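*Asks:* only geometry, no sequence info:
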């Protein structure tokens with residue numbers, strides 16, 4: 001009850017929602033209530049990407065991939081330049097074996113975020129799928145944009161070593 005009052009008074013602060021969820025996790029059978037709290041939290045603090053990610057993960061872990069996708073779709077709308085949200089979406093699709101969906105998502109992310117992490121995840125996806133030429137193309141483009149990132153060079157070396 002106390003946390004409900006606190007959320008009402010300070011609902012614009014993501015920390016309040018995170019603490020509420022942490023407390024609810026300790027309650028027996030608290031998953032449904034936790035999801036309600038997170039749903040209200042993302043409505044009240046839509047820029048708090050951590051709340052979106054917690055809600056999507058809760059849905060996914062509990063077997064509702066479609067609900068997790070729906071949560072992430074709304075998270076993309078609220079946080080279109082969030083590297084973490086894009087990478088979580090790509091991870092979901094990759095873990096579900098939806099490689100084409102992950103590729104499309106990462107391509108869109110590269111256009112909106114242009115971060116080292118998005119370029120890396122794109123290259124790693126192609127390497128894992130055995131698409132070495134595309135992997136190297138993405139690494140080359142990523143290196144042009146993020147010259148000081150040694151991990152790009154390391155992945156390129158691993159790909160080339162595999163080709164020898």
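*Replies:* Looks like it arrived, so ask away. Because the structure is predicted, anything quoted here is derived from the model rather than measured.

*Asks:* quick one: the helices in the chain?
*Replies:* Under the criterion DSSP state H, helices of the chain are mapped to 2-10, 14-25, 31-44, 49-61, 65-78, 83-95, 99-112, 116-128, 132-145, 150-163.

*Asks:* In a markdown table, list these along with mean pLDDT and mean neighbour count.
*Replies:* Any C-beta I mention is one placed from the backbone N, CA and C, and that applies to glycine too. Putting the helices of the chain into a markdown table (pLDDT from 0 to 100; neighbours: other C-beta atoms under 10 Å) gives the following:
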| stretch | mean pLDDT | mean neighbour count |
| --- | --- | --- |
| helix 2-10 | 62 | 12 |
| helix 14-25 | 83 | 17 |
| helix 31-44 | 89 | 18 |
| helix 49-61 | 96 | 21 |
| helix 65-78 | 96 | 18 |
| helix 83-95 | 97 | 21 |
| helix 99-112 | 96 | 17 |
| helix 116-128 | 93 | 21 |
| helix 132-145 | 92 | 17 |
| helix 150-163 | 78 | 13 |
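
*Asks:* Show residues contacting stretch 106-116.
*Replies:* Identification of contacts with stretch 106-116 by C-beta atoms under 8 Å, 6 or more residues apart in numbering yields 80-83, 86-87, 89-90, 118-119, 121-122, 125, 142, 145-146, 149, 151-152.

*Asks:* ah, wrong one, I meant stretch 51-66
*Replies:* Contacts for stretch 51-66 (C-beta under 8 Å, 6+ apart): 14, 17-18, 21, 31, 34-35, 38-39, 41-42, 45, 67-68, 71-72, 74-75, 78-79, 84-85, 88, 92, 96.

*Asks:* swap the cut-off to 6 Å and go again
*Replies:* Around stretch 51-66, the neighbours that count as contacts under C-beta atoms under 6 Å, 6 or more residues apart in numbering are 17, 35, 38, 41-42, 67-68, 71-72, 75, 88, 96.
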